[in-house]
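Asks: what follows is a predicted protein model with its sequence.
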Amino acid sequence: MTEKEKELPPRYSLNGAWKLDKSRGGELRGYLETMDVPEMAIVAHEKGEADVDTINVIELNESTLRIKKTSRVNDLVEEFVIGKETKIVLHPGDREKLVTATSKNSKNFCIKTIMSTMNGVAEVYDDRQLVMLEDGVFMLQELVITNKTTGRSYLTNRYYTPISGKDALS
């Protein structure tokens with residue numbers, strides 16, 4: 001954790017800006033392989049994630065979850081009504097993605113997604129929670145993907161450090 005990050009006010013919820021802590025592992029190769037993503041695309045993703053910070057800005061309340069995701073491969077905003085299944089059409093190809101977000105409180109949420117992959121259907125659980133480790137407060141992202149066609153599953157844990165909203169915009 002940098003000196004700048006140590007100066008931030010304490011976090012008591014997932015609301016706010018978070019930066020992927022690359023030093024704590026959480027690579028996505030196995031996740032992408034489970035989705036049958038081609039090797040060339042996996043290598044490009046790995047290079048992009050190594051070169052550019054992954055930032056998530058979260059707004060979570062009793063009824064909605066909004067996440068702004070920025071990285072080398074993403075620049076998008078997702079918004080969900082807690083407890084309601086949402087159908088999203090992906091382009092190109094007009095593939096459907098079904099998403100349901102749940103949350104018990106401002107310290108956790110889970111996004112369940114059922115979507116088409118390169119060769120079938122995948123079910124993804126993106127579970128986030130506020131965790132206290134001996135060196136600070138983090139957002140733990142537990143990603144579990146199951147390729148429903150092949151039966152393969154993969155789990156990875158990714159840790160994010162809190163950053164100021166100003167840093168998320170730069």
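Replies: All right, it came through fine.
Asks: and the helix or strand containing Leu140, which residues are buried?
Replies: Under DSSP states H and E, the secondary-structure element containing Leu140 is strand 136-147. The neighbour-count check on strand 136-147 (16 or more other C-beta atoms under 10 Å) flags 136, 138-141, 143-147 as buried. The way it works is simple: take the backbone N, C-alpha and C, and place the C-beta from them, glycine included.
Asks: direction included, what does it pair up with?
Replies: Strands that pair with strand 136-147, judged by DSSP bridges, come out as strand 120-133 (antiparallel), strand 153-163 (antiparallel).
Asks: export these to TSV and append columns for mean pLDDT, distance to Asn61 and mean neighbour count.
Replies: As requested, the strands paired with strand 136-147 are exported to TSV (pLDDT from 0 to 100; distance: least, C-beta to C-beta, whole Å; neighbours: other C-beta atoms under 10 Å):
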stretch	mean pLDDT	distance to Asn61	mean neighbour count
strand 120-133	94	15	16
strand 153-163	94	18	18
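Asks: closest one to Met35 among those?
Replies: Met35 lies closest, by C-beta to C-beta, to one member of these: strand 120-133, at 5.6 Å.
Asks: who's in contact with the closest one?
Replies: Outside strand 120-133, the residues that touch it by C-beta atoms under 8 Å, 6 or more residues apart in numbering are 11-14, 34-36, 58, 107-116, 137-150.
Asks: what number of residues lie near Lys97?
Replies: For Lys97, the neighbour count with other C-beta atoms under 10 Å is 15.
Asks: distance of it from Thr117?
Replies: According to C-beta to C-beta, to the nearest Å, Lys97 stands 11 Å off from Thr117.
Asks: then Glu59?
Replies: As for Glu59, its distance to Thr117 is 29 Å (criterion: C-beta to C-beta).
Asks: packing partners for the longest helix anywhere in the chain?
Replies: If you go by DSSP state H, the chain has its longest helix at helix 39-51. The contact analysis (3 or more C-beta pairs under 8 Å, 6 or more residues apart in numbering; DSSP states H and E) places helix 39-51 against helix 29-34.
Asks: if Pro162 is in a bridge, with which residues?
Replies: Note on Pro162: beta-bridge partners Trp18, judged by DSSP bridges.
Asks: so it touches Tyr12, yeah?
Replies: No. Under the criterion of C-beta atoms under 8 Å, Pro162 lies out of contact with Tyr12, with a separation of 10.8 Å.
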